[in-house]
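J.: Sequence first, predicted model second:
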Amino acid sequence: MDSGKTLLKNVPEGISFDVLPENIKITDITIAGYKYQAGIAGIIFSPDGGCEYAEINLSDIQSGEEWKCVLNPYVSGLQITRIAP
């Protein structure tokens, strides 16, 4: 995606974005105890590879499957847990 077509105007050139498939939607994002179900949620990532704690819930609108993706500053990597069929 062209950085000029995003809300993020300070995206360095050469950075690409992946687009979720049409059947997958983000149902909510929780950052610092605040749940976003609409609008723009910003997760802070630091240059050393760390990030703030956040939970991102995804849903497959066709199959009903749901997943929770957890970004934990104390654990490297992303933890993905299936939470519904």
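T.: Right, received. Where do you want to start? Numbering: from 1, shown residues only.

J.: contacts, neighbours, all on C-alpha from now
T.: Fine.

J.: Now the most centrally placed residue in the chain: which helix or strand?
T.: Centre of the chain computed as the mean C-alpha position; nearest residue by CA atoms, centre = their mean is I56, 5.4 Å away. According to DSSP states H and E, I56 maps onto strand 54-60.

J.: got the CA coordinates for that strand in PDB?
T.: The C-alpha trace of strand 54-60 is given here as PDB (Å, rounded to 0.1, in the frame of the first residue of the first chain):
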ATOM      1  CA  ALA A  54      -1.800  -4.800  23.600                       C
ATOM      2  CA  GLU A  55      -4.500  -7.300  22.800                       C
ATOM      3  CA  ILE A  56      -6.000  -7.500  19.300                       C
ATOM      4  CA  ASN A  57      -9.100  -9.700  18.700                       C
ATOM      5  CA  LEU A  58      -9.800 -11.000  15.200                       C
ATOM      6  CA  SER A  59     -12.900 -12.700  13.900                       C
ATOM      7  CA  ASP A  60     -13.600 -14.700  10.700                       C
END
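
J.: Okay, now the sheet partners of it, with direction.
T.: Using DSSP bridges, the strands paired with strand 54-60 in its sheet are strand 24-31 (antiparallel), strand 66-71 (antiparallel).

J.: circling back to that earlier point, next up, the contacts around the residue nearest to the centre of the chain.
T.: Residues near I56 by CA atoms under 8 Å, 6 or more residues apart in numbering: 26-30, 68-70.
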